[in-house]
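J.: Could you look at this predicted model? Sequence included:
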Amino acid sequence: MKKKMYQNVAANYFREHSSIFLFIIVLFLMGVIFGAIVVNSMSFTQKQDLFYYLSQFFGEVSSGKVAPNSDLFVQSFFHNSKFIFFIWVLGISIIGVPVILILLFIKGLVIGFTVGFLVSQMSWKGFLLALVSILPQNLIIIPVFIIMAALSVSFSLKMIKKQFMKKYSHPILPEFKKYIFVLILAVIFISGASGIEAFFSPGLMKTIMNSFKL
């Protein structure tokens with residue numbers, strides 16, 4: 001019964017803020033597309049230099065010279081958690097909305113550039129590498145980032161209304177408690193994604209690289 005009630009509350013919330021979620025998703029996809037376009041605008045020398053460093057990294061992964069899985073987990077967890085927490089803090093501030101949108105666009109740009117570069121330099125082999133090295137953890141990370149960004153924008157807009165619109169009488173404290181709960185939930189999901197990135201993705205990358213002798 002409680003589970004159904006929570007599902008209804010979540011569904012109503014997403015429906016009520018559907019325009020914000022749609023805008024956030026479109027902005028992220030624009031970042032991905034722009035990142036892929038940036039790859040095509042690079043000169044041949046720039047691509048060669050970047051691919052050289054990338055090949056060095058692939059060689060280390062293939063030979064098992066990367067950091068221990070536990071260290072990779074800690075690095076991934078703290079990196080993504082800091083990003084999530086920063087967006088959460090920006091949601092509390094009145095002027096945080098533009099920065100949240102810029103951060104999400106940059107996140108999409110980085111993913112689009114990485115995938116685009118691998119594909120442009122290594123064709124379908126690069127696509128396979130992107131698939132095993134980027135996709136698994138980002139199946140969790142990207143939705144978490146998008147949801148957190150949308151909720152942060154929504155909460156920030158409510159703060160603005162509370163500050164400048166006298167007729168807005170909706171209490172902020174209950175919303176803030178929910179906002180804290182969402183942060184905790186996001187960190188839990190991020191820990192799962194970091195586990196995949198640290199303990200699952202390197203093995204897949206090594207298998208692909210050894211199969212194609214990259």
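T.: On my side now, so go ahead.

J.: Restricting to C-alpha, output stretch 17-34 in PDB.
T.: C-alpha atoms of stretch 17-34 as PDB (Å, rounded to 0.1, in the frame of the first residue of the first chain):
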ATOM      1  CA  HIS A  17       7.300  19.200 -13.400                       C
ATOM      2  CA  SER A  18       7.400  17.600 -16.800                       C
ATOM      3  CA  SER A  19       8.400  20.800 -18.600                       C
ATOM      4  CA  ILE A  20      11.500  21.200 -16.400                       C
ATOM      5  CA  PHE A  21      12.500  17.500 -16.900                       C
ATOM      6  CA  LEU A  22      12.000  17.800 -20.700                       C
ATOM      7  CA  PHE A  23      14.100  21.000 -20.800                       C
ATOM      8  CA  ILE A  24      16.900  19.300 -18.800                       C
ATOM      9  CA  ILE A  25      16.900  16.200 -21.000                       C
ATOM     10  CA  VAL A  26      17.000  18.300 -24.200                       C
ATOM     11  CA  LEU A  27      19.800  20.400 -22.800                       C
ATOM     12  CA  PHE A  28      21.800  17.300 -21.900                       C
ATOM     13  CA  LEU A  29      21.300  15.900 -25.400                       C
ATOM     14  CA  MET A  30      22.400  19.200 -26.900                       C
ATOM     15  CA  GLY A  31      25.600  18.900 -24.900                       C
ATOM     16  CA  VAL A  32      26.200  15.400 -26.200                       C
ATOM     17  CA  ILE A  33      25.600  16.500 -29.800                       C
ATOM     18  CA  PHE A  34      27.800  19.500 -29.400                       C
END
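
J.: So which bits of that stretch are buried?
T.: Buried residues in stretch 17-34, counted by 16 or more other C-beta atoms under 10 Å: 17, 20-21, 24-25, 27-28, 31-32, 34. Backbone N, C-alpha and C define where each C-beta goes, glycine included.

J.: ok, now stretch 76-95?
T.: Applying a neighbour-count criterion of 16+ other C-beta under 10 Å, one finds 76-77, 80-81, 83-84, 87-88, 90-91 buried in stretch 76-95.

J.: cool, stretch 113-126 as well?
T.: Residues of stretch 113-126 classed as buried by neighbour count (16+ other C-beta under 10 Å): 113-119, 121-122, 125-126.

J.: before we move on, the earlier item: so which of the buried residues of stretch 17-34 are in helices?
T.: Among the buried residues of stretch 17-34, the residues falling in helices (DSSP state H) are 20-21, 24-25, 27-28, 31-32, 34.
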